[in-house]
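Q: just a sequence and a predicted model for now, questions to come.
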Amino acid sequence: MIIVPTGTDAPIYHWPYATVGLILLNVALFFAIPPASAAPRLDENDEVIEVSEPVSKFERYALALGDGRLHPVQWVTHNFLHYGFGHLAGNMLFLWAFGIVVEGKLGALKYLAAYLAIGTLHGALVQSILLRSGLDGHAAGASAVVYGLLAACMVWAPRNELNCIVVFIIGFRTWVSQWDLYYTTVALLYIGEQAFGLVFWGAIGNRVMVSEMGHLSGAFWGTVVAVFLLKAGLVDCEGWDVFSLWAKRRQLARDWKARGERLDREKEVLRASLKKAKRAKATVGTGPDPNPEGRAAAAVDKVQSLIESGDVAGALAAYDRSARTLVNWPPQPALHALIKTLHARGAEAESIRLMRDHCRYYPADSTRVRLKLAQILIRDRQRPVAALRVLEEIPPGSLPSDLEAVRQKLARQAARMCEEGVLELEGDD
C-alpha cells in the first residue's frame, strides 16, 4: 500500500516559505553532494582506478555509524543528503505534506529551529546508540525529520485530516482510491510499521534495523519538541491539540456521570414522594376535597416553599406530581414566579422542565423565556441542537434590538459547538 498526500484541512496561518526553501536545499545538495558509488571506477583498459580521496564528500557529511567516534557536524548535515532520486522524491513529498502544517502554526523561523532541533537530536541519539556497534556504515536522508513533523502533526492537529491518494498493488493488479485520513491515523500507520519492523524483522534477521531505528528516533524527538513548544505557549492550536481534546473528553465524561447521578437522585425523591402521597391518601379516607382553585394555589405554595428551603429536588418532584393531577396547572403567573425563584436559588439548569412547560402552555408569553432557556441549554447542558430548536421558535421581530443581538450570539455559539462535534444526550431534562 502506498499513501500519497495531496492536501489537508488543517488551518494554515503562515505560507510555507521555509518548507519550500528546505525542499529546494535538499534537491540542490542531492546534485552537489551525490551519494558515493559502490562500483569501482575503471580506466580505458578496464583496470581499477585508485581513488585518491579516502573518504568521499557524501560519507564525510552522512551520519557515520559504528566507527567509535561522535561527529557533531554530521548530526545536522546528514538530514540534507539522499541516496537516490526515489529516496529524495519520497522524503520531499512528505516533507511538504507535514511541513506546511507545522510551519503553518509556527511561522518560518520557529519552524526552522524545530526542524533543525529534531534532526540534530535524532542524529546525536542514533550515532551514540550505534557508536560501538561495528556496523561500518552511514545513514542519510530527511525521513527522520519527516517522521518528527508527522508526530508534531499528531500532537497539534490529531483530528485534522490529510487528503491522500492510496494505491494498492497486489500482484499485477493496482487499485487507486482517495481517502481522508486523520493525522493520528497516518502517524499510527507509519510509526507502527516502523516499530513492527524494528522488533519483528530485527529479531528474525538478528540484525540492527538502522532505517526503522532512525525513523522512530525522529518521531520521538518530534513528539518531544511538539510537546515542549505547546506547553511553552509557543504554538496556538486553538484547543484542538491532543491534550485539550483529552481534557474535553474527560470533562464530558464527568458531566455525563454527574447528570446520571442527578437523574437517579431525582427518581428516588419522586418515588419517595409518590409513596408518601399514597399513604396520605389512604389515611385521609373519603373526606371532602378542597376546591380546585385552593388545591392549585396550595400546590404552587408547596413547590415555592420547597425551592426557598433549598430542596430543589423535592420541589421538582412536587411540581411533577401536581402537574399530573391538576388541570391547567400551574397558571402562567405562578409558573413564571417558580422559574424566577429557581433562578434566584442558582438552580437554572433544574428549571429547564418548567421553562419548557411555559413555552408549551403559554407560547405567546414565552419569547424571553425561550431566550433564557437556550442560554441554559448551551451553557449548563452542552446541548447546542436543542438550543437551536428553541431559538428557532422565537418569532422574528419579537425581541428588542439588544435581546436580538443576544439571540444571534447564542445561535452562533450553538452552531460552533455543533461544528466542533459536541455530543449531547436527548430527553434527559
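A: It's in. Numbers count the residues shown, from 1 in each chain.
Q: from now on I want contacts and neighbour counts done on CA atoms only, so please keep to that.
A: Fine.
Q: I'd like to know which elements the helix or strand hosting Ser244 is packed against.
A: Secondary-structure assignment from DSSP states H and E places Ser244 in helix 242-284. When contacts are defined as 3 or more CA pairs under 8 Å, 6 or more residues apart in numbering; DSSP states H and E, helix 242-284 sits against helix 143-156, helix 312-325.
Q: any idea of the angle it forms with helix 143-156?
A: Here helix 242-284 points in a direction 20 degrees away from that of helix 143-156 (axes from the mean of the first three to the mean of the last three CA atoms, to 10 degrees).
Q: just the angle for helix 242-284 relative to helix 312-325, thanks.
A: Using the same axes, to 10 degrees: helix 242-284 against helix 312-325 is 60 degrees.
Q: which element follows helix 242-284 toward the C-terminus?
A: Next along the chain after helix 242-284, taking DSSP H and E as the criterion, comes helix 292-308.
Q: show me where the stretch 101-250 of the chain has its helices.
A: Shown for the stretch 101-250 of the chain, the helices assigned by DSSP state H, counting those that start in this stretch span residues 108-129, 143-156, 183-196, 202-205, 210-231, 242-284.
Q: quick check: Arg249 vs Gly421, distance?
A: As judged by CA to CA, to the nearest Å, Arg249 and Gly421 stand 11 Å apart.
Q: of those two, who's got more company?
A: Arg249 (13 against 8; other CA atoms under 10 Å).
Q: ok so, going back, show me how far the helix holding Ser244 is from its chain's centre.
A: Offset of helix 242-284 from its chain centre (CA atoms, centre = their mean, to the nearest Å): 30 Å.
Q: same thing with stretch 153-163?
A: How far stretch 153-163 lies from its chain's middle: 8 Å, per CA atoms, centre = their mean.
Q: name the residues that touch that stretch?
A: 5-10, 98, 101-102, 178-184, 187, 223, 226-227, 230, 237, 240-243 (CA atoms under 8 Å, 6 or more residues apart in numbering).
Q: mind redoing it with 7 Å?
A: For stretch 153-163, the external contacting residues (CA atoms under 7 Å, 6 or more residues apart in numbering) are 5-10, 98, 101-102, 179-184, 187, 226, 237, 240-242.
Q: what's the most buried one of the helices and strands packed on helix 242-284?
A: Mean neighbour counts were taken over those using mean count of other CA atoms under 10 Å, and the top value, a mean of 29, falls to helix 143-156.
Q: any idea of the angle that helix forms with helix 210-231?
A: Using the same axes, to 10 degrees: helix 143-156 against helix 210-231 is 40 degrees.
Q: helix 143-156 versus helix 183-196: what angle between them?
A: Using the same axes, to 10 degrees: helix 143-156 against helix 183-196 is 140 degrees.
Q: quick check: pLDDT value at the nearest residue to Ala318 once chain neighbours are set aside.
A: With sequence-adjacent residues excluded and distances taken as CA to CA, 6 or more residues apart in numbering, Ala318 is closest to Val303, at 6.2 Å. Listed pLDDT for Val303 reads 93.
Q: contact partners for Val303?
A: Counting by CA under 7 Å, 6+ apart, Val303 touches 315, 318-319.
Q: let's see that with 10 Å instead.
A: 309, 311-312, 314-320, 322, 338 (CA atoms under 10 Å, 6 or more residues apart in numbering).
Q: in a markdown table, list the residues you listed along with distance to Arg265 and pLDDT.
A: Converted to a markdown table, these look like this (distance: CA to CA, whole Å; pLDDT from 0 to 100):
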| residue | distance to Arg265 | pLDDT |
| --- | --- | --- |
| Ser309 | 18 | 89 |
| Asp311 | 12 | 89 |
| Val312 | 11 | 89 |
| Gly314 | 10 | 88 |
| Ala315 | 13 | 90 |
| Leu316 | 11 | 91 |
| Ala317 | 11 | 90 |
| Ala318 | 14 | 90 |
| Tyr319 | 16 | 92 |
| Asp320 | 15 | 90 |
| Ser322 | 19 | 90 |
| Leu338 | 21 | 94 |
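Q: gap between the residue nearest to Ala318 and Arg321?
A: From Val303 to Arg321 the distance is 10 Å (CA to CA).
Q: mutual contacts of these two, please.
A: Joint contacts of Val303 and Arg321 (CA under 10 Å, 6+ apart) are Ala315.
Q: chain center to the helix or strand of the chain with the lowest mean pLDDT, what's the gap?
A: Ranking every helix and strand in the chain by mean pLDDT, DSSP states H and E puts helix 202-205 at the bottom, with a mean of 74. Centroid displacement of helix 202-205 relative to its chain, using CA atoms, centre = their mean, is 37 Å.
Q: now what about that helix, what contacts it?
A: 196-197, 208-210, 212.
Q: from the residues you listed, which is closest to Ala374?
A: Distance to Ala374, by CA to CA, is smallest for Phe196 among the contacts of helix 202-205, at 51.2 Å.
Q: pretty sure the closest one sits against Glu212.
A: Yes. Using CA atoms under 10 Å, Phe196 is in contact with Glu212, at 8.9 Å.
Q: so the two - more neighbours on which side?
A: Taking other CA under 10 Å, Phe196 and Glu212 do not tie; Glu212 has more neighbours (20 against 13).
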